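>>> have a look; sequence and predicted model below, questions after that.
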Amino acid sequence: MDALAGLNPAQRKAVEAVRGPVLVHAGPGSGKTRVIVHRIAHLVASCGISPHSIVAVTFTNKAAREMAERLGHLLGRQAGELSLGTFHALCAGILRRDGAAVGLHRRYSIYDDGDQIGLVKRGLQDLGLDPRAYNPRALLTAIGAAKSRLLTADEYVQSSQSYFEEVVGRVYLRYEMLLAQNQAVDFDDLLMKTHHLFQSQPQILARYQAGYDHVLVDEFQDTNPTQYALARQLAAGQSNICVVGDPDQSIYSWRQADLRNILDFERDYPEAQVICLDQNYRSTQTILEAAHSVVSVNEDRKETELWTENERGLPVVVLEAESESDEARFVVREVARLLAGGDVSPEDCAVMYRTNAQSRALEEAFIRRGMPYQVIGGVRFYERREIRDLIAYLRFLYNPYDDVSLLRIVNTPLRGIGQRTLDEFRSWTGQVGIPLYAGLQRLCEDGPANPFGTHAAAALGRLASLVRDLSARSAEVDVARLLDSVLEMTGYQAYIIESADGEERWQNVLELRGIAASYQHLDPQQGLTAFLEGVSLFSDTDELDEKTGRTTLITLHQAKGLEFPVVFIAGMEEGLLPHFRCFEDREQMEEERRLCYVGMTRAKKRLYLLRAVRRTFMGGVTANPPSRFLGDIPRKLTRSATVYGEEAEPGSPVVAAAVEFQAGDHVEHPKFGQGVVVASRSTGDDSELEVMFAGLGRKKLLASLARLSKSSPE
């Protein structure tokens, strides 16, 4: 195996720079993943570095899987000896092994977003604060921001400078107490507690530093302060840290990503080698130039202009539609046209947008056409009620301190434990100073010696016996068979099948069982640990099926790291892209530019930038001007089109216009009426027309879409 084979000079330089700190500026489509994979292979195969001594972290499970697959082809079984995964997965493993040193039980729970919001609401209630007066989401965001800056609850309280921060501090303190009682962590804790572990236990840190000779960080522009601090802690022993990223693709400040990490890396490591990957293998030259014209306006960046040996390519289509419905109809119609021409498959096309709400009109248009599509970022599989219920059962069996999970399953399916009984049970356990699960155990042991009435005691006793039997089962069987036992012993299977949409919900359960079955090669406890960890660290883009035969609808933020032959970006309007919340903040406006740049550089062959003259948005109809980003693109790189009014009936074939027009032709448009063609320009497989309409002035139209017909002069 030659790890250097097929690399261009810059990629080869990045692979061979194996000692000391290295910063690789890798533009979109420049072979970033290839460099990381081949660098690891070079370290192992050519430099004699043990795979156990290499840790590589990235930001999505999808990226980690792709790296693992490529390394498997290059290194074979040795690839399985690498520490490769997301920051959160790496830290979750460290805390399973060594978290006891910071007071964390080995079998802790990882709370997802819904669990965290529930805990914040519980904290507000405990503090006597009305959840309707204090937005739990805003409070949780503030707590997460504090944790990303490594601020503990006590430190946050001491530094608070406003009434809101004072409330956040009080809720943060209570939130941390509730997490501790449940032996649980949130996503930010995985990072923060690992950093605290390393800081407070130098002997543990030294063990990891001695084990990892090389630290690689992918998507470095997306790291927050804690992640960068963790990388520096791990690399401090040998200083062999290689970070790969692109300042122009930093789009996650709302997740506390800090652009300064990559911009200031050379200040932190003055001896660092800096290597620029500027050859793009993905997009046409036209798309690259158009994208660069948008992002180059930013001040907080390092100038890199991508180039490619790919073809010049088609102009970028800039389309004006009358409404979001017309915008969506154009997308569906154009996808159908490309499919009819045999140019693409449905999965080659993606429609991107700034906000999730924009998917509604697009979905309606695809449904009317009967064309297959998938929406990424809707109701995720693991957020479905039946899936959350079953995972709560498994999580409680794994961590009996997890009251959040217990309270979810206590009366699901119905087992005669009403709210009054539940309140009395929680009050009793609180008075005697024991966790809820211990209260259930005592009910089993003490029998009639409890403070509850006959009916309530019997219902709680049945639950206690069920938990006891399932707990014993969890130590004996793999995850899939444990799930079977839960379904059977709790009556949940019948409960699901007899419910509304029972068949669809049961199919979801079977899919969950299929996922659980993939862990059956592990012993029961290892399998349950790995399964629950995988579920907790699942992300939106993990749902993306790239071979599904469906067009993808996805937000611009979620599209990062993906690529498609055909990309439509909808909503190129002031107020949407850029978003209206960014108008008064230079740094946020620059991030909006980077977001647009990321979307544009997802496209390989064809790029469409769409806007609507009027749009139903946030409960009203808006008339937004074109996005300022459109004005930054040189006209020589684009072709303009306008779509107004209704299209042909659903199901009608959509093909390029057969009629050819030339200057001087009299034409008729179904909405604009009579006009005269004043210019006609060929644009590859289509024609761009300029038509002068009486009383309306000059409009630019694509011949294939305008539904023009020739007419006689009046």
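Nice, I can see it. Residues are numbered from 1 along each chain as shown.
>>> give me the phi and psi for residue 277.
Per-residue torsions, residue 277: phi -100, psi 100 (degrees, to the nearest 10).
>>> surely it and residue 24 touch.
Yes. Residue 277 is within contact range of residue 24, at 6.4 Å (criterion: CB atoms under 8 Å). C-beta: built from backbone N, CA, C; applies to glycine.
>>> name the residues contacting each of the two.
Each of 14, 32, 35 lies in contact with both residue 277 and residue 24 under the rule CB atoms under 8 Å, 6 or more residues apart in numbering.
>>> filter the residues you listed down to the ones in helices?
Among the shared contacts of residue 277 and residue 24, the ones falling in helices (DSSP state H) are 14, 32, 35.
>>> which residues sit in contact with the first one?
So that's residue 14. By CB under 8 Å, 6+ apart, the neighbours of residue 14 are 22, 24, 35, 39, 242, 244, 275, 277.
>>> kindly indicate whether the second one is helix, strand or coil.
The local conformation at residue 24, judged by DSSP: H, G, I helix; E, B strand; the rest coil, is strand.
>>> how far away is residue 665 from residue 271?
Per CB to CB, to the nearest Å, residue 665 is found 68 Å from residue 271.
>>> more crowded one of these two?
Remark: of residue 665 and residue 271, residue 665 carries more neighbours, 18 against 8, as counted by other CB atoms under 10 Å.
>>> doesn't residue 676 make contact with that one?
Yes. With contact defined as CB under 8 Å, residue 665 counts as touching residue 676 (7.2 Å).
>>> closest to residue 59 out of the ones in helices among the shared contacts of residue 277 and residue 24?
Taking CB to CB as the measure, residue 59 sits nearest to residue 32 out of those, at 12.2 Å.
>>> mind checking pLDDT for the closest one?
At residue 32, the model reports a pLDDT of 93.
>>> can you pull the contacts of the closest residue to it other than its chain neighbours?
Distances taken as CB to CB, 6 or more residues apart in numbering place residue 26 nearest to residue 32, at 3.8 Å, with adjacent residues excluded. Contact partners of residue 26, counting by CB under 8 Å, 6+ apart, are 32, 35, 244, 245, 246, 277.
>>> immediately after the helix or strand containing residue 405, which helix or strand?
Here residue 405, judged by DSSP states H and E, is contained in helix 403-409. Of the helices and strands lying after helix 403-409 in sequence (DSSP H and E), the nearest is helix 419-432.
>>> now do the strands in the stretch 451-600 of the chain.
Assigned by DSSP state E, counting those that start in this stretch, the strands in the stretch 451-600 of the chain fall at 551-555, 564-569.
>>> show me what the first one packs onto, helices and strands only.
Packed against strand 551-555 by the contact rule (3 or more CB pairs under 8 Å, 6 or more residues apart in numbering; DSSP states H and E) you find strand 349-353, helix 359-369, strand 373-375.
>>> flag every buried residue along the longest one.
Okay, so that is helix 359-369. 359, 361, 362, 363, 365, 366, 369 (16 or more other CB atoms under 10 Å).
>>> got those residues as TSV, with pLDDT and distance to residue 492 columns?
Below are the buried residues of helix 359-369 laid out as TSV (pLDDT from 0 to 100; distance: CB to CB, whole Å):
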residue	pLDDT	distance to residue 492
359	90	32
361	90	38
362	93	36
363	92	32
365	92	38
366	92	35
369	90	39
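>>> which one of the shared contacts of residue 277 and residue 24 is nearest residue 135?
When the shared contacts of residue 277 and residue 24 are compared for distance to residue 135 (CB to CB), residue 32 wins out at 38.1 Å.
>>> give me the neighbour count for that closest one.
That count, for residue 32 with other CB under 10 Å as the rule, works out to 24.
>>> equivalent analysis for residue 113, please.
Residues near residue 113, counting by other CB under 10 Å, number 12.
>>> so how many other residues sit close to residue 436?
Residue 436: 23 neighbours (other CB under 10 Å).
>>> and the pLDDT at it?
Reading off the model, residue 436 has pLDDT 89.
>>> can you pull out the low-pLDDT segments for the stretch 1-150 of the chain?
1 (pLDDT under 70).
>>> ranges for the strands of it?
Using DSSP E, counting those that start in this stretch, the strands of the stretch 1-150 of the chain run over residues 22-26, 54-58, 83-86, 109-110.
>>> right, so of those, which gets closest to residue 577?
Checked against CB to CB, the stretch from those lying closest is strand 22-26, at 24.5 Å.
>>> pLDDT on stretch 488-495, on average?
pLDDT averaged over stretch 488-495 gives 94.
>>> can you find the helix or strand of this structure with the lowest average pLDDT?
strand 620-622 (a mean of 76; mean pLDDT, DSSP states H and E).
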